[in-house]
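Colleague: Turn this into a structure:
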Amino acid sequence: MSVWAMISIAVSSLSRRAAQGLRMTVLAVVMLALGGQAMAQAAGGQQADPRDPWEHWNRKVFSFNESLDQHILKPTAEAYTQVVPSMVRTGVNNFFGNVSDIWSAFNLMLQGRVRLGALQSMRVVFNSTFGVFGLADVSTKMGLERNSEDLGKTLGRWGFSAGPYVVWPLLGPSSVRDTAALPLDFSVSPSLFVSTWPEKTAVYGLGLVDYRSGLLQAGNMLEDIALDKYTFIRDAYLQRRNIYRDDDDFEVIDPVSDGAGKDKPAEADMPANTSDQANQADQPAQPAATPPEH
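Modeller: Purely as a prediction, here's the structure:
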């Protein structure tokens, strides 16, 4: 199956379920906006970050997510890393990453970044064939690095503002723009290749555990260095989601500056001929011409 066939399958599966999810997302954002405005008015003159007008709500959800992570997700991820062999965990991570690369290639094309989109497509093709359905990441060894993109970044690339920062239960940090893109972003996953809900739930659960296990070391470091974990994660998220790199990492040759003028220095910058200078030095000075007598 070609990469574009896989992309077409991914996109075609987003019909009714994605539309319903998008409507529910918009409704949730509107309700959150109304509730956040009411809390902001109740807070009175309290100084708040303009990017985070719903901080009171967000901190409560953040605390809930932290408690859920400490009691369920983190212990599960730690057990996963201790029980499952490293080679198997690497294969699972590569497989999920390969499916994510399909969506990244599609979004790179939507962003008009054709060169990176083509490279990302080649990465999927090589990993899906030589890497046995993505279980091995052979593309990275070939120099085809991963460029992760999603619909939220695509909307931002086309000028849509991120909007206020929001924290969702289970899903974690987001923004109004990224929330609107979540139904489509979440729909493109290995769950597309299974049909029943128990199988889809198992796939989503495995992906969550795999993702959390990759953050164990970073999470421990964050606990040690962050004075306010909520603020640290919020600022890091907003900064990362609003960075758009330039793909033109190759030098453009300018024929004006790189042509004949570059190979031949200007006459004003050329040193004088040393032999001519020596001959001029050996010649006696010529007397000044006397004016004619009248």
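Colleague: Flag every buried residue along stretch 68-81.
Modeller: Under the neighbour-count criterion of 16 or more other Cβ atoms under 10 Å, stretch 68-81 has Asp69, Leu73, Lys74, Thr76, Ala77, Tyr80 buried. For glycine as for every other residue, the C-beta is placed from the backbone atoms N, C-alpha and C.
Colleague: likewise stretch 204-224?
Modeller: If you call a residue buried by 16+ other Cβ under 10 Å, then stretch 204-224 has these buried ones: Leu206, Gly207, Val209, Asp210, Arg212, Ser213.
Colleague: likewise stretch 133-148?
Modeller: Gly134, Leu135, Ala136, Asp137, Val138, Ser139, Thr140, Leu144, Asn147.
Colleague: how about the strands of the stretch 51-200 of the chain, start to end?
Modeller: Using DSSP state E, counting those that start in this stretch, the strands of the stretch 51-200 of the chain run over 165-168, 172-175.
Colleague: per-residue confidence averaged over the last one?
Modeller: What it means is strand 172-175. The average pLDDT for strand 172-175 rounds to 96.
Colleague: ok now do Gln120, which residues does it touch?
Modeller: Gln120 makes contact with Asp101, Ser104, Ala105, Leu108, Leu144, Arg146, Asn147 under the criterion Cβ atoms under 8 Å, 6 or more residues apart in numbering.
Colleague: any idea how far the residue lying closest to it once chain neighbours are set aside lies from Phe133?
Modeller: Nearest non-adjacent residue to Gln120, counting by Cβ to Cβ, 6 or more residues apart in numbering: Ala105, 3.9 Å away. Per Cβ to Cβ, to the nearest Å, Ala105 is found 16 Å from Phe133.
Colleague: Same question for Arg240.
Modeller: 30 Å.
Colleague: Same check on Leu68?
Modeller: Taking Cβ to Cβ, one finds Leu68 at 32 Å from Phe133.
Colleague: Also Asn107?
Modeller: With Cβ to Cβ as the criterion, Asn107 and Phe133 are 22 Å apart.
Colleague: same check, this time on Tyr230
Modeller: 39 Å.
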